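K.L.:
here you go, sequence then predicted model.
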Amino acid sequence: MRQAPVSLPLGIVIRRTPSVSRWARWTWKAVGVLPGAAQADWQVLRQEGDAVEYHAATVPLELWHTDTEAYLNGLSARAPSIGVVMRETADADTEQPYEILLATASPYEFQDYADSGEEIVELVPMPEGLIALIRDFVEKHHEDEVFVKRRRDKKHVDLVEDGKGDPRVSQLSDVYRAPRTGRVN
């Protein structure tokens with residue numbers, strides 16, 4: 001039986017600041033998450049001069065009972081983080097340059113997106129309440145995998161038996177015979 005994931009709505013906060021580069025007007029960065037947030041579409045949260053923080057989107061944070069080892073790894077980091085995965089929008093003239101694809105607590109899933117190079121990925125520090133929720137989830141569902149050491153056969157394959165070929169391969173004829181010189185078609 002496949003268990004459904006535990007899902008929590010997670011608002012993604014994106015900060016827009018003036019760029020120091022002459023090739024880009026703005027710098028965009030994921031800076032926070034809002035656990036339990038309502039749906040939003042680039043709603044302005046705070047504005048200080050040219051710096052603006054947006055509640056860009058709300059995406060589900062899904063916790064799977066089979067990924068608890070990854071969550072443990074993420075919680076043991078110096079600063080536990082949520083991975084935010086974004087993609088540039090096709091329209092360059094829009095005020096919302098990124099589409100928020102997902103948020104994940106699994107560093108393994110985050111690394112998969114980072115390796116692809118197709119999406120923009122950023123780590124955002126987890127709030128204390130979210131750390132506690134994920135830790136409780138892991139304590140409830142984590143099962144250590146039992147390590148099973150692979151054992152070799154007792155057969156010695158390194159023994160040399162000159163002229164007989166590999167003893168593991170069956171021979172259909174005499175290994176000492178001369179190859180046939182003439183072919184009959």
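P.N.:
Yes, it's here.

K.L.:
residues near residue 31, how many?
P.N.:
15 (other CB atoms under 10 Å). From N, CA and C alone the C-beta is placed, and that goes for glycine too.

K.L.:
now residue 61
P.N.:
Summarising burial for residue 61: neighbours were counted as other CB under 10 Å, giving 21.

K.L.:
that one: what secondary structure?
P.N.:
Three-state assignment for residue 61 (DSSP: H, G, I helix; E, B strand; the rest coil): strand.

K.L.:
residues touching it, list them.
P.N.:
Shown in contact with residue 61 (CB atoms under 8 Å, 6 or more residues apart in numbering): 7-10, 35, 82, 103-105.

K.L.:
which element, helix or strand, includes the nearest residue in space to it that is not next to it in sequence?
P.N.:
By the measure of CB to CB, 6 or more residues apart in numbering, the closest residue to residue 61 outside its immediate chain neighbours is residue 10, 4.3 Å from it. Mapping residue 10 onto the secondary structure by DSSP states H and E places it in strand 6-18.

K.L.:
pull the residues that contact that strand.
P.N.:
Strand 6-18 has contacts (CB under 8 Å, 6+ apart) with 25-40, 45, 50-63, 82, 84, 98, 100, 103, 124, 133, 137.

K.L.:
for the helix or strand just after that strand, packing partners?
P.N.:
In the C-terminal direction, the helix or strand that comes right after strand 6-18 (DSSP H and E) is strand 26-35. Secondary-structure packing of strand 26-35 (3 or more CB pairs under 8 Å, 6 or more residues apart in numbering; DSSP states H and E): strand 6-18, strand 51-63, strand 81-88, strand 120-125, helix 128-141.

K.L.:
and these: which comes nearest residue 110?
P.N.:
Smallest distance to residue 110 across the helices and strands packed on strand 26-35 (CB to CB): 3.1 Å, for strand 81-88.

K.L.:
dump that closest one to CSV, restricted to CA.
P.N.:
What follows is strand 81-88 as a C-alpha-only set of coordinates in CSV (Å, rounded to 0.1, in the frame of the first residue of the first chain):
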residue,chain,number,x,y,z
SER,A,81,17.1,24.6,4.5
ILE,A,82,14.3,24.3,2.1
GLY,A,83,15.2,24.0,-1.6
VAL,A,84,13.3,26.3,-3.8
VAL,A,85,13.2,25.4,-7.5
MET,A,86,12.3,28.1,-10.0
ARG,A,87,12.2,28.5,-13.8
GLU,A,88,12.5,31.6,-15.9
